[in-house]
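A.B. asks: With the input below, show me the fold.
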Amino acid sequence: MGWINKEQARQMLEDESLVDEIVAAVVSDKKVLQELAEDVADELEDILEDDPTFRGKVIEVASADPAFKKSVTEELIAQMAD
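C.D. replies: Take a look at the predicted model:
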């Protein structure tokens, strides 16, 4: 029907109480919040997978974990056995 255009909708978002109400509704809806988490994770994954600093930190922390070292060793042996 076209009652409102994008510019008018953007103007409505200048109303802080409306934005607060929308935010409260979003975070109280488990389905919407899960979709938001998935979207955020997807975007972060795209950014972080090419970030050498992040990758280095993950490897550094993981390498300090004996369970991780064991897992890497087992995976390596399994690959060498193929």
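
A.B. asks: got a list of what Leu13 touches?
C.D. replies: Counting by CB atoms under 8 Å, 6 or more residues apart in numbering, Leu13 touches Val19. Bear in mind the C-beta positions are built from the backbone N, C-alpha and C, glycine included.

A.B. asks: And the pLDDT at it?
C.D. replies: On pLDDT, Leu13 comes in at 96.

A.B. asks: Next one: it from Lys70, what distance?
C.D. replies: Distance from Leu13 to Lys70, counting by CB to CB, to the nearest Å: 52 Å.

A.B. asks: counting contacts, what elements does the longest helix along the chain pack onto?
C.D. replies: As assigned by DSSP state H, the longest helix anywhere in the chain is helix 30-48. Helix 30-48 sits against helix 16-28, with contacts defined as 3 or more CB pairs under 8 Å, 6 or more residues apart in numbering; DSSP states H and E.

A.B. asks: report the angle between the axes of the helix it packs on and helix 30-48?
C.D. replies: Using axes from the mean of the first three to the mean of the last three CA atoms, to 10 degrees, the inter-axis angle of helix 16-28 relative to helix 30-48 is 90 degrees.

A.B. asks: so how far is helix 16-28 off the chain centroid?
C.D. replies: Helix 16-28 has its average C-alpha position 21 Å from the chain's average C-alpha position, going by CA atoms, centre = their mean, to the nearest Å.

A.B. asks: Now stretch 68-82: buried residues?
C.D. replies: Using 16 or more other CB atoms under 10 Å as the test for burial, stretch 68-82 gives no buried residues.

A.B. asks: Okay then, goodbye and thanks.
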